[in-house]
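fold the following and give me the result.
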Amino acid sequence: MNVAVLLFALFAFQHASAEAVRVKDLGKLQGWRENALVGTGIVTGLAGTGDSSTNRSMRQALSNAMSQFNLNVGPEQIQSRNVAVVMVSAVLSPFSREGDSLDITVTSVGDARSLVGGSLVLTPLKAANGRVYALAQGPLSVGGYRYDANGNVVQKNHPTVGSVPSGATVEVGVTAQVVSENARMTFILNEPDYTTANRVAEAINRKLGVGLAQARDASGIELTVPESQRRQLVAFVAGLESVMVEPDRRAKVVINERTGTVVSGGDVRISKVAISHGDIKVSIRNETVASQPAFVGQAGDGVRTALVTNTRIDVDEQNGPGFVEGSTTVSDLVQSLARLKTNTRDIISILRAVKTAGALHAELIIQ
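Model (predicted):
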């Protein structure tokens, strides 16, 4: 990432912080939540890449599945490598209804080498309360492969993880409870902030009616549904979500040292500070030469050819020391450093040093 892209990211992030956004994009109503479903099943039809015959869980699972069809086969009699025991997971949306389809993820839990070409047998998916909410079944889609022969292995991605789009059918629907018995609901902010919570409450009262909303804490705004709107709850919530609010943002500087990315959010201020920077390059090179005897003929005892390694150290200071003084924001500081032809890695080090010196008035997040 070059300095030009870094400057654009800083400008775009600071410019976006002054724009109003919908309440819908700031959080959600309390009770609006997704539910995790999980189940254990078996994948069949594998071409010898399933669990080994020593895997007791596979043998027991296949024996149990056969017993459902009046086939009494003991676990010790199963010697197949075309079957794998898997975990199946899915997410149930807040307003899922009976008959809706869900995407599922299938992962191997045994010693199967690949799930390519397999098909998931009918598997019940349970929630945390132990109740079955969906049934999963279907052929797997695996974004990889693994082939091995004579000790040679060719593998791409993770062939022991697959998915089945729309592979589960909802058997028991759910409905999120967003309104309490006393016609109250609570709006929860994604990022708790007292200033933003107060602004959301004030904006709702201006548009929908005075006294309807009140900020209870940094993340929750309590609302009372008007009696005239209780039979038209969907329209009331739609109007609530469309309210425009200018959220307040905490001063943050996010640094990713792996990619060299620096993003500044909010009104990030920097106190008056002087920075000295010098780009010094140190190069260490090793040169190996052969040392031969200088005379021709019979050499004495102990005289032989020797390899000698010489080490050379070069120090190159490409740019002289640069001084930056009087910057008021992170954007100003980065622009000043760019004029000194400072690379992104050095800018990250300088920002960390400025934070340590107490001149950077923002939360420094290092990823």
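
in which helix or strand would I find L364?
In the assignment (DSSP states H and E), L364 maps to strand 363-366.

which residue, neighbours along the chain excluded, lies closest to R33?
In space, not counting the residues next to it along the chain, R33 is nearest to P94; the distance is 6.1 Å by Cβ to Cβ, 6 or more residues apart in numbering. The C-beta positions use only the backbone N, C-alpha and C, and glycine is treated the same way.

that should have said T195, apologies.
D248 (3.9 Å).

need the next SSE after the helix or strand bottoming out on mean pLDDT in the chain, C-terminal direction.
When the helices and strands of the chain are scored by mean pLDDT, DSSP states H and E, helix 3-16 comes last with a mean of 46. Following helix 3-16 in sequence order, the next helix or strand is strand 21-22 (DSSP H and E).

ranges for the strands of the stretch 101-250 of the chain?
101-108, 119-126, 132-139, 145-149, 152-156, 161-170, 184-189, 213-215, 220-224, 244-245 (DSSP state E, counting those that start in this stretch).

among those, which comes closest to I204?
strand 213-215 (4.0 Å; Cβ to Cβ).

would you mark the buried spots in that closest one?
Buried positions in strand 213-215, judged by neighbour count with 16 or more other Cβ atoms under 10 Å: 213, 215.

helices along the stretch 201-350 of the chain, start to end?
For the stretch 201-350 of the chain, helices defined by DSSP state H, counting those that start in this stretch occupy the ranges 233-241, 330-339, 344-356.

give me the pLDDT for the residue lying closest to E34 once chain neighbours are set aside.
Computed as Cβ to Cβ, 6+ apart, the closest residue to E34 that is not its neighbour in sequence is V91, at 5.1 Å. Predicted confidence (pLDDT) for V91: 94.

what average pLDDT does stretch 61-78 get?
Per-residue pLDDT over stretch 61-78 has a mean of 85.

please state the offset of it from the chain centre?
Mean-position distance between stretch 61-78 and its chain equals 41 Å (Cα atoms, centre = their mean, to the nearest Å).

ok, stretch 126-136 next?
Distance of stretch 126-136 from its chain centroid, counting by Cα atoms, centre = their mean, is 26 Å.

name the residues of that stretch that are buried.
Applying a neighbour-count criterion of 16+ other Cβ under 10 Å, one finds 127, 133-136 buried in stretch 126-136.

can you redo these as JSON lines with distance to E363?
Converted to JSON lines, the buried residues of stretch 126-136 look like this (distance: Cβ to Cβ, whole Å):
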{"residue": "A127", "distance to E363": "37"}
{"residue": "Y133", "distance to E363": "41"}
{"residue": "A134", "distance to E363": "41"}
{"residue": "L135", "distance to E363": "47"}
{"residue": "A136", "distance to E363": "43"}
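
from the residues you listed, which is closest to R56?
Nearest to R56 among the buried residues of stretch 126-136, counting by Cβ to Cβ, is A136 at 23.7 Å.

what's the local residue count around the spatially closest residue to that closest one that is not a sequence neighbour?
The shortest distance from A136 to any residue other than its chain neighbours is 4.0 Å, reached at A168 (Cβ to Cβ, 6+ apart). Residue neighbour count, defined by other Cβ atoms under 10 Å, stands at 28 for A168.

who's in contact with the closest residue to Q79 other than its chain neighbours?
In space, and not counting its chain neighbours, Q79 is closest to S53: 4.8 Å by Cβ to Cβ, 6+ apart. S53 sits next to 59, 78-81 when contact means Cβ atoms under 8 Å, 6 or more residues apart in numbering.

swap in G31?
Applying Cβ under 8 Å, 6+ apart, the residues contacting G31 are 94, 176-178, 185.

hang on, the earlier thing: distance of the residue nearest to A136 from T105?
Per Cβ to Cβ, to the nearest Å, A168 is found 10 Å from T105.

common neighbours of those two, please.
Joint contacts of A168 and T105 (Cβ under 8 Å, 6+ apart) are 88, 90.

now the buried residues of stretch 126-136 in TSV, with distance to A20 and pLDDT?
As requested, these are arranged in TSV below (distance: Cβ to Cβ, whole Å; pLDDT from 0 to 100):
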residue	distance to A20	pLDDT
A127	38	93
Y133	39	95
A134	40	96
L135	45	96
A136	43	96
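
show me which of those residues is closest to E191.
E191 has its nearest neighbour among these in A127, at 28.3 Å by Cβ to Cβ.

so what's the closest one up against?
Contact partners of A127, counting by Cβ under 8 Å, 6+ apart, are 35-37, 92, 133.

pick out the most distant pair among those.
Across these, the two lying at the largest distance from each other (Cβ to Cβ) are A36 and Y133, at 10.3 Å.

common neighbours of these two, please.
Residues touching both A36 and Y133 (Cβ under 8 Å, 6+ apart) are 92, 127.

returning to that earlier point: least confident of the helices of the stretch 201-350 of the chain, on average?
What stands lowest among the helices of the stretch 201-350 of the chain, in mean pLDDT terms, is helix 330-339, with a mean of 72.

buried ones in that helix, by neighbour count?
So helix 330-339, judged by 16+ other Cβ under 10 Å, has buried residues 330-331, 333-338.

helices or strands up against it?
When contacts are defined as 3 or more Cβ pairs under 8 Å, 6 or more residues apart in numbering; DSSP states H and E, helix 330-339 sits against helix 3-16, strand 261-265, strand 269-270, strand 306-325, helix 344-356.
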